[in-house]
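Visitor: Provided below are the primary sequence and the corresponding predicted coordinates.
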Amino acid sequence: MAFPSSHPEEGVPDAILASRAAAGDTGAFAVLVRRSLPRLRSFLRRMGAPADLADDLAQDALLIAFERIADYRGEGAFIAWVRRIAARRYLRVVRSRARLELLDLAPEAYSPAPDTSLALDLDSALERLPQAQRLCVSLQHGAGYTASEIALALGLPEGTVKSHISRGLARLRQDLGPHR
């Protein structure tokens, strides 16, 4: 799908651009894509997707958003809506590759942050979390899922999800320090 390189309505609210895109204005959708694609890729990377998979999933999510643009009601930011689409796509990929080991009751491996004066950034700190914690924290704080929605999506008890979120946030606080 080819989009014009610029659109005269860069400052127009998401809801208006979406309604124009639903009416066939591909330039309006191109503006939404330019606004959200980098943030969408970063979100998927924070969830644990490798760069190439994050790129593919971001494009897939935007294609789905294009096909379903009439479903976007403008009640929140377009990026929030498309993040939920991307999160669902990523969960499907993770499940299909059988890479989730969330049901393993063995203690999770965790390597504490090295004792240096250099502060870790959020992406690095998230990468250090076990996948279960990274996924649950990212779904809650990046995609706006509730613990019960995450539990349903992952097929886990809600208490387990809350535990992953709590431990993940505690480790992030530890790695990032008290001033972040």
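Guide: Perfect, I can see it now. Numbering: from 1, shown residues only.
Visitor: how far is the lengthiest helix in the chain from where the chain is centred?
Guide: The helix that spans the most residues within the chain, counting by DSSP state H, is helix 26-47. Relative to the mean C-alpha coordinate of its chain, helix 26-47 is positioned 11 Å out (Cα atoms, centre = their mean, to the nearest Å).
Visitor: just stretch 38-57 next, same as before
Guide: 8 Å.
Visitor: got the end-to-end distance for it?
Guide: As for stretch 38-57, its first-to-last residue distance stands at 12 Å under the measure Cα to Cα, to the nearest Å.
Visitor: And the contacts of it?
Guide: Taking Cβ atoms under 8 Å, 6 or more residues apart in numbering as the criterion, the residues outside stretch 38-57 that touch it are 58, 61-62, 79, 82-83, 86-87, 89-90, 93, 122-123, 126-127, 131, 134-135, 138-139, 142-143. C-beta: built from backbone N, CA, C; applies to glycine.
Visitor: Can you flag the buried ones in those?
Guide: Burial of these was assessed by neighbour count (16 or more other Cβ atoms under 10 Å); the buried members are 58, 61-62, 79, 82-83, 86-87, 89-90, 126, 131, 134-135, 138-139, 142-143.
Visitor: roughly how far apart are the closest residue to residue 142 other than its chain neighbours and residue 123?
Guide: Taking Cβ to Cβ, 6 or more residues apart in numbering as the measure, residue 142 lies nearest to residue 43, with 5.1 Å between them; neighbours along the chain are not counted. For residue 43, the distance to residue 123 under the criterion Cβ to Cβ, to the nearest Å works out to 11 Å.
Visitor: before we move on, what about residue 96?
Guide: 25 Å.
Visitor: so what are the domain limits for the protein?
Guide: Domain segmentation of the chain under automatic domain parsing yields 10-99, 111-180.
Visitor: Any chance of those in JSON lines with mean pLDDT as columns?
Guide: Below are the domains of the chain laid out as JSON lines (pLDDT from 0 to 100):
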{"stretch": "domain 10-99", "mean pLDDT": "90"}
{"stretch": "domain 111-180", "mean pLDDT": "80"}
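Visitor: Geometric centre of the protein: which residue is closest?
Guide: Using Cα atoms, centre = their mean, the residue of the chain that lies closest to the mean C-alpha position is residue 43, 3.8 Å off.
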